[in-house]
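Colleague: pasting a predicted model and its sequence here:
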Amino acid sequence: AAMDLQAVEVSQIPMDETNTAALERGVAELGIQVGALSVALAPGPTATGDNVAEHYDKIVADCRRLGTRFVRIGMMPFTAMVSKAACEAWAAEVEPAASRFAADGITLCYHNHHVDLAQFDGERIFDIVRRVAPAAARSLRLTASALCPSRAGSTVERKCRPSTSMSVDTASCMPARGAR
């Protein structure tokens, strides 16, 4: 709080008991919010921590323990970036995960990277995910790689704000149309 840090986003650290307890202590002693925990849908090379397929209950328990209502996919698997069909297949896997988290009061976020602006047949990866996973698109929120603090609200709101045009609004780092 003395450094004007209001929230942290947990990324690329194991969510073992030691790290979870340290985060919990930071919440209690420093008043810092945990803005989001990082997850992957399944085990794989980009899954550096917990994944939904194997650790769902633990992820939900960690969220409740740390007082966060956001989990974020740190990056889509490289295999999902090779073709439109591969991207559509991955997006179809996001849909049930977003719904499952929503039923537990947790919002699934996706941390974008420049590659998500790539296009297949004129359609951006973000827009493919929205088209293929409409229920997820309603609850799926994006976290921007580059934040613009002067253009948005609190850290958590900047990191996990809704977007009606993922590729344009997120890429420009402007608040999304209809953002709360």
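Modeller: Thanks, I have the structure now. Numbering: from 1, shown residues only.
Colleague: which SSE is immediately downstream of the longest strand along the chain?
Modeller: Secondary structure of the chain per DSSP state E: the longest strand is strand 33-39. Sequence-wise, the next helix or strand downstream of strand 33-39 (DSSP states H and E) is helix 52-66.
Colleague: buried set for that next one?
Modeller: Using 16 or more other C-beta atoms under 10 Å as the test for burial, helix 52-66 gives 52, 55, 56, 59, 60, 62, 63, 66. The way it works is simple: take the backbone N, C-alpha and C, and place the C-beta from them, glycine included.
Colleague: spatially nearest residue to residue 46, not counting backbone neighbours?
Modeller: residue 75 (4.9 Å; C-beta to C-beta, 6 or more residues apart in numbering).
Colleague: report how many residues lie close to that neighbour.
Modeller: 21 (other C-beta atoms under 10 Å).
Colleague: that one belongs to a strand?
Modeller: No. Counting by DSSP: H, G, I helix; E, B strand; the rest coil, residue 75 falls outside a strand, being coil.
Colleague: ok, now how distant is it from residue 125?
Modeller: Distance of residue 75 to residue 125, given as C-beta to C-beta, to the nearest Å: 11 Å.
Colleague: what is the mean pLDDT for the helix ranked longest in the chain?
Modeller: For the chain, the helix with the greatest residue count under DSSP state H is helix 84-103. The pLDDT scores in helix 84-103 average 92.
Colleague: any low-confidence regions in this protein?
Modeller: Counting by pLDDT under 70, the chain shows low-confidence ranges at 1-3, 135-180.
Colleague: these two touch, right, residue 76 and residue 90?
Modeller: Yes. Counting by C-beta atoms under 8 Å, residue 76 touches residue 90, with 5.7 Å between them.
Colleague: more crowded one of those two?
Modeller: More neighbours surround residue 76 than the other of residue 76 and residue 90, with 25 against 22 (other C-beta under 10 Å).
Colleague: quick check on the more buried one: phi, psi?
Modeller: Main-chain torsions, residue 76, degrees, to the nearest 10: phi -70, psi 150.
Colleague: and the residue nearest to residue 46, how far is that from residue 31?
Modeller: 30 Å.
Colleague: likewise for residue 60?
Modeller: Distance from residue 60 to residue 31, by C-beta to C-beta: 24 Å.
Colleague: what's the answer for residue 44, then?
Modeller: Between residue 44 and residue 31 the distance is 35 Å, computed by C-beta to C-beta.
Colleague: these two: who's more crowded?
Modeller: Using other C-beta under 10 Å, the more surrounded residue of residue 44 and residue 31 is residue 44, with 13 against 10.
Colleague: show me the contacts for the closest residue to the more buried one other than its chain neighbours.
Modeller: Closest residue to residue 44 apart from its sequence neighbours, by C-beta to C-beta, 6+ apart: residue 77 at 5.4 Å. Neighbouring residues of residue 77 by C-beta atoms under 8 Å, 6 or more residues apart in numbering: 40, 44, 45, 46, 90.
Colleague: that'll do, ta.
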